[in-house]
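Enquirer: I would like the atomic coordinates for the input below:
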Amino acid sequence: MKTGNEKGMVLLLVLVVVTLLGALLSDFAFSTLIDLRLTETFRDTTRAEYLSRGGITAGRMILQTDRNSYDARNDSAELWSIGVQDYPLAEGTVSVTIDDLDGRLQLNLLVDQEGNANILYRDRFVRLCEELALDNPEALADALIDWLDPDQEIGAAGAEDANYLAMNPPYEATDGPLRSIADLHLIRGFDTEAFARLSPFVSSFGSGVLNINTATPEVLRSWDIETVSAIEDLLSRREEGPFKRLEDLREALGVETFTALNRNVDLGVASSYYLISSHGRVNDGARRMQAIVNKTGDKLLWQKVD
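Expert: Numbering: from 1, shown residues only. Predicted coordinates for the structure are as follows:
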């Protein structure tokens with residue numbers, strides 16, 4: 001017969017085993033719950049990515065319906081400028097915004113097709129940096145031109161491979177056009193603060209003809225230092241409504257003032273290059289996608305998924 005002590009030991013052993021089994025089951029259940037949540041998040045993130053891709057497609061379709069003679073923001077005839085906010089679709093939502101890039105300063109134009117510095121655009125870039133209160137605009141311009149031009153000659157305050165190969169980790173300058181404005185992070189002088197201030201006003205794509213309807217006051221003021229008063233008149237007139245023809249600007253400012261402002265024949269009222277941003281969300285899953293397109297011919301030039 002078992003003694004009382006033996007019965008107590010058996011009971012204690014049973015309790016220990018039950019406790020261990022309970023802990024194991026609890027851990028298994030928790031791990032299963034975590035795996036389930038991860039699977040659901042992956043599923044929802046994948047679905048959100050498809051929604052964001054659909055948003056890019058919708059944005060391109062919207063641009064193709066825009067066939068009037070001008071492009072402007074906050075205009076009832078300009079569907080692209082309205083965008084879409086949290087539009088319900090399937091079990092998620094999608095938001096789409098479209099920004100006109102021909103209303104920004106095209107950075108790749110700081111170097112011409114022969115690989116030489118474009119003094120006109122360099123001066124415009126410097127003035128834009130001054131408008132934005134950035135430190136040492138001249139040095140930023142020199143570093144950007146050195147990054148874009150094909151040679152290894154260092155500008156007055158610029159930087160070439162010799163400078164970047166000394167970085168940790170080392171890398172080389174592209175000696176070619178910016179693929180996106182995010183490349184600015186690699187160029188000497190363009191720190192996080194400078195990039196944040198500059199990025200809403202510049203682009204790596206554009207026609208080179210500035211849309212006076214969508215250009216910000218900062219970009220317009222940087223365009224031509226000799227016609228500052230004309231630019232202020234332009235901004236005042238634009239508040240009344242968009243310029244539907246370039247001739248409307250000439251009539252508003254007068255022939256002499258207009259001719260001085262457009263001496264380089266690079267002002268317009270319409271655009272070709274646009275940045276489409278799409279954000280899809282399904283439950284806890286989210287994906288953001290961006291694409292740059294040329295409206296003429298619906299050409300996809302660049303895209304990125306976050």
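Enquirer: what packs against the host helix or strand of Thr257?
Expert: Element membership for Thr257, per DSSP states H and E: helix 255-261. Applying 3 or more Cβ pairs under 8 Å, 6 or more residues apart in numbering; DSSP states H and E, one finds that helix 255-261 contacts helix 228-238, helix 246-253. The C-beta positions use only the backbone N, C-alpha and C, and glycine is treated the same way.
Enquirer: how about that helix: buried residues?
Expert: 257-258, 261 (16 or more other Cβ atoms under 10 Å).
Enquirer: also stretch 214-233?
Expert: So stretch 214-233, judged by 16+ other Cβ under 10 Å, has buried residues 214-216, 218-224, 227, 230-231, 233.
Enquirer: quick one: the strands in the stretch 1-150 of the chain?
Expert: Taking DSSP state E, counting those that start in this stretch to define them, one finds strands in the stretch 1-150 of the chain at 84-89, 92-100, 105-106.
Enquirer: nearest to Arg237, of the ones you listed?
Expert: Of all the strands of the stretch 1-150 of the chain, it is strand 92-100 that lies closest to Arg237, at 18.9 Å by Cβ to Cβ.
Enquirer: what are the buried residues along the closest one?
Expert: 92-100.
Enquirer: kindly indicate which of the residues you listed lies nearest Leu79.
Expert: Ile98 (9.1 Å).
Enquirer: hang on, Gly92 packs against Thr46?
Expert: No - applying Cβ atoms under 8 Å, one finds Gly92 not in contact with Thr46, separated by 11.2 Å.
Enquirer: shared neighbours, the two?
Expert: Gly285 (Cβ atoms under 8 Å, 6 or more residues apart in numbering).
Enquirer: returning to that earlier point: next secondary structure after the helix holding Thr257?
Expert: strand 267-268.
Enquirer: which among the strands of the stretch 1-150 of the chain is found nearest to Lys299?
Expert: strand 92-100 (15.3 Å).
Enquirer: direction included, what does that closest one pair against?
Expert: strand 84-89 (antiparallel), strand 273-282 (antiparallel) (DSSP bridges).
Enquirer: in terms of mean pLDDT, which of the ones you listed ranks lowest?
Expert: Note on the strands paired with strand 92-100: lowest mean pLDDT is at strand 84-89, with a mean of 91.
Enquirer: mind listing what's buried in it?
Expert: Buried residues in strand 84-89 (16+ other Cβ under 10 Å): 84, 89.
Enquirer: quick one: which of the strands paired with strand 92-100 is nearest Gly115?
Expert: Closest among the strands paired with strand 92-100, once you apply Cβ to Cβ, is strand 273-282, at 22.6 Å.
Enquirer: off-centre distance for that closest one?
Expert: 10 Å (Cα atoms, centre = their mean, to the nearest Å).
Enquirer: show me what the helix or strand following it is packed against.
Expert: Moving toward the C-terminus from strand 273-282, the next helix or strand (DSSP H and E) is strand 285-294. Under the contact criterion of 3+ Cβ pairs under 8 Å, 6+ apart, strand 285-294 touches helix 4-65, strand 273-282, strand 299-305.
Enquirer: just checking: what are the partner strands of strand 285-294?
Expert: Strand pairing (DSSP bridges) places strand 285-294 next to strand 273-282 (antiparallel), strand 299-305 (antiparallel).
Enquirer: export those strands to CSV and tack on mean neighbour count and distance to Glu160?
Expert: CSV is the format used below for these (neighbours: other Cβ atoms under 10 Å; distance: least, Cβ to Cβ, whole Å):
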stretch, mean neighbour count, distance to Glu160
strand 273-282, 23, 29
strand 299-305, 13, 25
